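Q: Below is the sequence, then the predicted model.
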Amino acid sequence: MTKTALNPSSNKVPRQFDRQDWASGYCNVEKELNVVSIRPKKGKIPQELCGFFYRNGPGRVERDGNRVHHPFDGDGMITSIRFKNGEATLSNRFVRTKGWEEEEKAGKFLYRGVFGTQRPGGTIANAFDLRFKNIANTHVIKLGAQLLALWEAAGPHALDPITLETIGLTTLNGVLKPNEPFSAHPRFDPGHHGTPRMVTFGVKAGPKSIVRLMEFETEGEEAGKLIHNREDSFNGFSFLHDFAITPNWAVFLQNAISFNPLPFVLGQKGAAQCLKSKTNGKGKFLLIPRDSGAFAGEPPRSFDAPDGFVFHHLNAWEKDEKVIVESIHYPDFPEVGPQDDFLKMNFDLIPAGILSKCEINLVNQKVQTTRYSEQCCEFAMVNPHQEGLSARYSWMAVAGKPKGYAPLQAIKKLDLSNLEEFIWSAAPRGFVSEPLMVPKSNSKIEDEGWVLVLVWNGARCGTDLVILDAHDLKEVAVIELPISIPHGLHGSWVSEV
Ligand SMILES: [Fe+2]
């Protein structure tokens with residue numbers, strides 16, 4: 001591993017990565033561990049770092065010699081790393097979804113995947129099979145007494161936060177209808193209206209799409225209780241993976257995407273492969289008033305968004321008559337077609353994600369866009385205390401080169417006020433996942449804390465947990481984990497369970 005501090009004008013191209021190192025990070029997780037002690041190979045675990053680092057992602061990507069068509073179709077596996085008094089333990093467990101149990105028993109894929117995985121037997125075996133498997137693989141968060149494994153197209157699975165045992169699909173005490181879509185991207189309001197809350201949404205997509213916005217208590221005896229709820233319908237098909245919050249608004253970007261389900265019905269494509277950028281389509285920002293804010297009860301507002309496609313937002317906040325939204329913009333929707341092998345994809349043809357800021361003027365309806373950096377990035381976050389407020393710093397995963405798409409190999413801290421940046425690089429043989437910034441307890445300094453990141457170490461085909469100082473990305477500790485965790489998705493930090 002190497003670490004470098006760079007500024008925008010002095011980005012250097014690191015040594016080229018080895019594709020096999022990257023591809024080796026898509027493997028099955030073969031074992032489940034229960035509270036195994038883990039120790040740093042380098043450095044020390046900070047005494048003050050106390051809590052649980054949870055991570056979700058695809059843990060089963062192959063059955064009976066057949067590989068998933070896209071890693072997003074892999075079954076969810078939760079990793080939990082508990083830090084206490086300078087020591088750490090690891091547990092990991094697959095989410096026992098109905099589909100996972102059935103396929104484990106059968107020893108083969110029984111379900112089609114949304115991203116193109118087919119049941120064995122070709123098109124005929126898949127045509128008119130419109131069932132889907134809730135794979136619970138996208139995010140893991142704590143709400144009330146339970147951990148929730150999230151997958152946006154269906155309901156959450158409840159897990160025990162200590163043992164990771166699957167309790168089962170949950171309706172959150174009747175808040176959700178059975179298997180109602182529930183986003184995998186909740187946002188945690190740190191206390192814009194007094195107490196902290198979880199704000200989230202669900203989308204019923206169709207020719208008219210219905211967005212349900214929900215707010216839950218997260219602390220005290222009422223933790224997990226629904227306190228606000230509203231539904232709004234929008235014309236057209238909505239693909240909404242993520243959103244952002246401010247004290248008064250829930251901010252969505254409705255990408256200009258169309259959905260033709262016919263190839264899915266005929267067994268030729270997965271449902272997500274039927275999404276396509278609309279020719280000459282225009283995306284829209286949708287601002288839905290929060291029930292606790294100044295515009296409660298008013299209808300949503302809509303504004304033109306820049307061309308391109310957005311999966312993830314960094315943050316949003318309000319200033320005077322403006323709502324400012326920071327997002328990772330792609331020039332187009334990245335597709336993995338039915339004939340494409342994701343392990344052989346041409347990286348040069350994949351659109352690069354660019355962190356940008358859109359200033360939406362609520363009065364004159366104008367939207368002004370500024371690019372923060374030309375370096376391809378993903379999985380960006382601010383200090384959780386700044387969620388929905390103006391934040392000076394952000395932490396993100398970036399490609400191992402200054403321009404164009406490439407696998408994510410470094411962590412960047414970006415000062416959004418002056419574009420000063422620090423980079424910690426895992427190149428050439430390491431590949432990073434989503435960095436998680438954990439603020440130091442009781443600190444008022446925005447960049448005081450740690451950044452936790454799981455790194456696929458191609459040299460040993462295993463996963464390292466790297467702890468960085470959030471201020472300057474200096475390496476604090478490296479722990480070689482006893483399991484190999486495939487390139488993953490999202491995770492969260494919980495101080496106490
Ligand atoms: Fe996501």
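A: Cool, got the structure. Numbers count the residues shown, from 1 in each chain.

Q: residue contacts, residue 41?
A: Listed by CB atoms under 8 Å, 6 or more residues apart in numbering, the contact partners of residue 41 are 478, 479, 480. Where C-beta positions appear, they are placed from N, C-alpha and C, glycine not excepted.

Q: tell me which of those residues is nearest to residue 112?
A: Using CB to CB, residue 480 is the member of these that lies nearest residue 112, at 36.6 Å.

Q: from the contacts of residue 41, which is closest to residue 207?
A: Closest approach to residue 207 among the contacts of residue 41 (CB to CB): residue 479, at 49.9 Å.

Q: Give me the next element, helix or strand, following the helix or strand where the closest one lies.
A: For residue 479, the enclosing helix or strand under DSSP states H and E is strand 475-480. Next helix or strand after strand 475-480 toward the C-terminus (DSSP H and E): strand 491-494.

Q: Averaged pLDDT, that next one. What do you get?
A: For strand 491-494, mean pLDDT is 98.

Q: Okay, now the unreliable bits of the chain?
A: Within the chain, the stretches with pLDDT under 70 are 1-15, 265, 335-337, 497.

Q: quick one: the helices in it?
A: 19-23, 98-106, 122-126, 262-265 (DSSP state H).

Q: possible to save these as a markdown table with mean neighbour count?
A: Output for those, formatted as a markdown table (neighbours: other CB atoms under 10 Å):
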| stretch | mean neighbour count |
| --- | --- |
| helix 19-23 | 15 |
| helix 98-106 | 15 |
| helix 122-126 | 13 |
| helix 262-265 | 16 |
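
Q: Let me have those in a markdown table, adding distance to residue 33 as columns.
A: Listed next are the helices of the chain as a markdown table, based on distance: least, CB to CB, whole Å:
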| stretch | distance to residue 33 |
| --- | --- |
| helix 19-23 | 24 |
| helix 98-106 | 18 |
| helix 122-126 | 35 |
| helix 262-265 | 37 |
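
Q: Of all the residues in the strand holding residue 479, which ones are buried?
A: For strand 475-480, burial by neighbour count (16 or more other CB atoms under 10 Å) applies to 476, 477, 478, 479.

Q: Go through those and name the one nearest residue 60.
A: Using CB to CB, residue 479 comes nearest to residue 60 of the buried residues of strand 475-480, at 23.9 Å.

Q: How far away from the center of its chain is stretch 100-116?
A: The chain centre lies 23 Å from the centre of stretch 100-116; the measure is CA atoms, centre = their mean, to the nearest Å.

Q: Just give me the neighbour total for residue 63.
A: Look at residue 63: counted by other CB atoms under 10 Å, it has 19 neighbours.

Q: got it, and the one 3 residues further on?
A: Neighbour count of residue 66, defined by other CB under 10 Å: 14.

Q: and if you look at residue 129?
A: The tally of other residues near residue 129 (other CB under 10 Å) stands at 15.

Q: Could I get the contacting residues of the closest residue to it other than its chain neighbours?
A: Once flanking residues are discounted, residue 129 sits nearest to residue 112: 6.1 Å by CB to CB, 6 or more residues apart in numbering. Going by CB under 8 Å, 6+ apart, residue 112 touches 118, 119, 126, 129, 131, 132, 133, 270.

Q: in stretch 142-150, what's buried?
A: Within stretch 142-150, the residues that count as buried by 16+ other CB under 10 Å are 142, 143, 144, 146, 147, 148, 149, 150.

Q: what distance separates the start and the end of that stretch?
A: Start-to-end span of stretch 142-150 (CA to CA, to the nearest Å) is 11 Å.

Q: if we look at that stretch, which residues are touching it?
A: Residues outside stretch 142-150 that contact it (CB under 8 Å, 6+ apart) are 54, 56, 76, 78, 95, 136-141, 156-161, 164, 166-167, 170, 172, 182-184, 186, 198, 216, 218, 223-225, 492, 494, 497.

Q: What's the PyMOL line that selects buried ones from those?
A: In PyMOL syntax, the buried subset of those is picked out as below (16+ other CB under 10 Å):
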select buried, resi 54+56+76+78+95+136+137+138+139+140+141+156+157+158+159+161+164+166+170+172+182+183+184+186+198+216+218+223+224+225+492+494
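
Q: Let me see the ranges of the strands in the stretch 101-250 of the chain.
A: In the stretch 101-250 of the chain, the segments counted as strands under DSSP state E, counting those that start in this stretch are 139-143, 146-150, 157-159, 166-169, 187-189, 197-204, 208-217, 226-235, 244-245, 249-254.

Q: Dump those into a markdown table; add distance to residue 64 as well.
A: Listed next are those as a markdown table, based on distance: least, CB to CB, whole Å:
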| stretch | distance to residue 64 |
| --- | --- |
| strand 139-143 | 27 |
| strand 146-150 | 24 |
| strand 157-159 | 24 |
| strand 166-169 | 23 |
| strand 187-189 | 39 |
| strand 197-204 | 34 |
| strand 208-217 | 37 |
| strand 226-235 | 42 |
| strand 244-245 | 41 |
| strand 249-254 | 39 |
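
Q: closest to residue 108 out of these?
A: Minimum separation from residue 108 across the strands of the stretch 101-250 of the chain (CB to CB) falls at strand 166-169, 21.5 Å.
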